[in-house]
Every structure is written in structure tokens, then in C-alpha cells.
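1. Starting from these lines, generate the structure:
(one chain, ligands or ions: 1)
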Amino acid sequence: MSVTDRIIVPLDVSTETEAVALIDSLPQVSFWKVGLELFVSTGPTLLPMLKERNKRIFLDLKLHDIPNTVAGACRAAARYGVDLLTIHATAGRSALKGAVEAVREGAATANVEPPKPIAITVLTSLNSRDLAFDLKIPLELPEYALQMALLAQESGMAGAVCSPKEVAQLRRVCGDDFLLVCPGVRPTWANLGDQRRATTPADALKAGADYLVIGRPITASEDPAAAFDRICEELT
Ligand SMILES: O=C(O)c1cc(=O)[nH]c(=O)n1[C@@H]1O[C@H](COP(=O)(O)O)[C@@H](O)[C@H]1O
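-> Numbers count the residues shown, from 1 in each chain. Here you go, the predicted structure:
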């Protein structure tokens, strides 16, 4: 897979017009993420357009609820024919196992390929202090991220979303077939924003990430296409 195809760009905007403008300005992007801001604002309206343009779609709904509700949402999301779908690992084993089953059922009713269900381990906006003092989790952050990834793997999930700081360890323990998607990625020339456990794109790929999610360094740039190309050049 080329470096270009390993970068997922999030459509973190709130209108269809802004989303289409971004997609038009970045024809070289093959994998787009539709997340909470756009989905809550516009629903699934952008998905058919992305599919018509042969783009892959990461539907990042970060589902976190009781098993019955997660399964219902997974069944519905799978009908859109998207490629990746996120569920929080902390929804628990039953919800994760149910999600795996539900995406197959939903996709079958729409006669499309099921999305790969992937689990959020620990959001990249959190640091060790947040985990210990606010969330009261008595494990070191990398160990907790690993345990969440293992829970996802045992539940039959296709992969996990993790920080590039933890990806090497997850790759070592979970093996090569477990999909690892890393947001919280920053070129040296970009602002960190609210990301707390970031590395450069090169370090994230070297450490074993399959895909990188890179947003604002590209989308908030005055010239998104130039920023995207610069990241690809730095990776080759
Ligand atoms: O699931 C995600 O994609 C995600 C998980 C996570 O732990 N951290 C994280 O930043 N993300 C998403 O990745 C994108 C990062 O965007 P930037 O910080 O602008 O590069 C956003 O769309 C987030 O919703």
C-alpha cells in the first residue's frame, strides 16, 4: 500500500458544503473519516458521494452504550457500506462481541461488505494524569491501552485505535493481522492542539501503525493539498 493510502483525513466540519469543499481540494486522499461532528450535523448524506468517488470511509461514531443499543447502531451503520467503524473498548466484552456479529448482519441485509469494527483504547487527548486522577484507572496508561486492545481482539474485533506512543507494544502483542489505526499524529511543523500523546507520521508508521488519522495539520492549513503532499514526501 502506498503512503498516500495509509493516511485517513477526517472531515471534521459541520456542513455538507464545507465537507465537499475539503474533498474537492484533496483529490489525492483515498480514505476519509466521517466522525461525530459531521454525522451529528448532516447524518449520512456524505457517504454515498464518497462511495461514488471510490473513496474508502472510516465511520467514526465511537459507539459506547449497552450491548443491545451498540448492536442496533452497528447493524444500521453497516448498511452504509463503510470500511471501518469505531466502538469504545470500555463498552465491554458483550457489547464488542455483539458489535462484531451486528456489522455482519447489517451488511448482509444491504448486500454490502461489512465494516471492520475497531475499538477505541484510550483517547489520544488523555494523558497519564487524566487516567489516574480523573478516570481513577489504577494502571499505567500504556498497560491500560494494551489491555483494551486485547479485550477487543478477544472479542473478535478487527483492530484498535491507539496513540502512536503505544502502537509498537500493541503491534508486538496483538500481531500483524490486528489493524492498528493511529490518530494523534503531528508533523514537526504542526501544532499539537488538544492531542496529548502524539508522534510524527514517520515514527507512527515505523512503530507499526497500519493507518494514520491526520486532521488539522492538513485541513486547517491554508493549502490542504500542499500540507498533505508535504506529509507524504516526508514519509518517503
Ligand atoms: O477515533 C478517532 O479517530 C480518534 C481517536 C482518538 O483517540 N483520538 C483522535 O484524535 N481521534 C480522531 O482523530 C482525529 C484527529 O484530528 P486532528 O487532531 O485534527 O489530527 C479527530 O477526528 C478525532 O476525532
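2. Contacts only, for the residue of the chain found nearest the ligand.
-> Residue of the chain nearest the ligand, by CB to the nearest ligand atom: residue 215 (2.6 Å). In this view, the C-beta of every residue, glycine as well, is placed from N, C-alpha and C. Contact analysis of residue 215 by CB atoms under 8 Å, 6 or more residues apart in numbering lists 9-10, 12, 183.
3. Could you list which of those belong to strands?
-> 9-10 (DSSP state E).
4. Check which helices and strands the top helix by length along the chain sits against.
-> Using DSSP state H, we find that the single longest helix of the chain is helix 93-110. Helix 93-110 makes packing contacts with helix 67-78, strand 84-88, strand 116-120, helix 141-154 when contacts are defined by 3 or more CB pairs under 8 Å, 6 or more residues apart in numbering; DSSP states H and E.
5. Dump the ones you listed into CSV; add mean neighbour count as well.
-> CSV is the format used below for the helices and strands packed on helix 93-110 (neighbours: other CB atoms under 10 Å):
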stretch, mean neighbour count
helix 67-78, 20
strand 84-88, 25
strand 116-120, 24
helix 141-154, 20
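6. now for these, which one comes closest to residue 108?
-> For the helices and strands packed on helix 93-110, proximity to residue 108 was assessed by CB to CB; helix 67-78 is nearest, at 8.5 Å.
7. which residues touch the strand or helix carrying residue 21?
-> Per DSSP states H and E, residue 21 falls inside helix 16-25. For helix 16-25, contacts defined as CB under 8 Å, 6+ apart pick out 9, 11, 13, 29, 32, 38, 42, 45-46, 49-50, 53, 55, 219, 224-225.
8. For ChimeraX, write the selection for the buried entries among the residues you listed.
-> Those of the contacts of helix 16-25 that count as buried under 16 or more other CB atoms under 10 Å are selected in ChimeraX with:
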select :9,11,13,29,32,38,42,46,50,55,219,224
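9. still on that earlier bit, what separation is there between the residue of the chain closest to the ligand and residue 181?
-> Taking CB to CB, to the nearest Å as the criterion, residue 215 is separated from residue 181 by 13 Å.
10. what's the answer for residue 217, then?
-> Counting by CB to CB - residue 217 and residue 181 are separated by 17 Å.
11. Then residue 102?
-> 20 Å.
12. now swap in residue 202 and tell me
-> 17 Å.
13. Pick out whichever of these two has more residues nearby.
-> Applying other CB atoms under 10 Å to residue 202 and residue 181 shows that residue 181 carries more neighbours, namely 24 against 17.
14. Report the contact partners of the more buried one.
-> Counting by CB under 8 Å, 6+ apart, residue 181 has contacts 8, 58, 84, 118, 159-162, 209-213.
15. Repeat the analysis, applying 10 Å as the threshold.
-> The contact partners of residue 181, taken as CB atoms under 10 Å, 6 or more residues apart in numbering, are 6, 8, 33, 58, 60, 84, 86, 116, 118, 120, 159-162, 167, 209-213.
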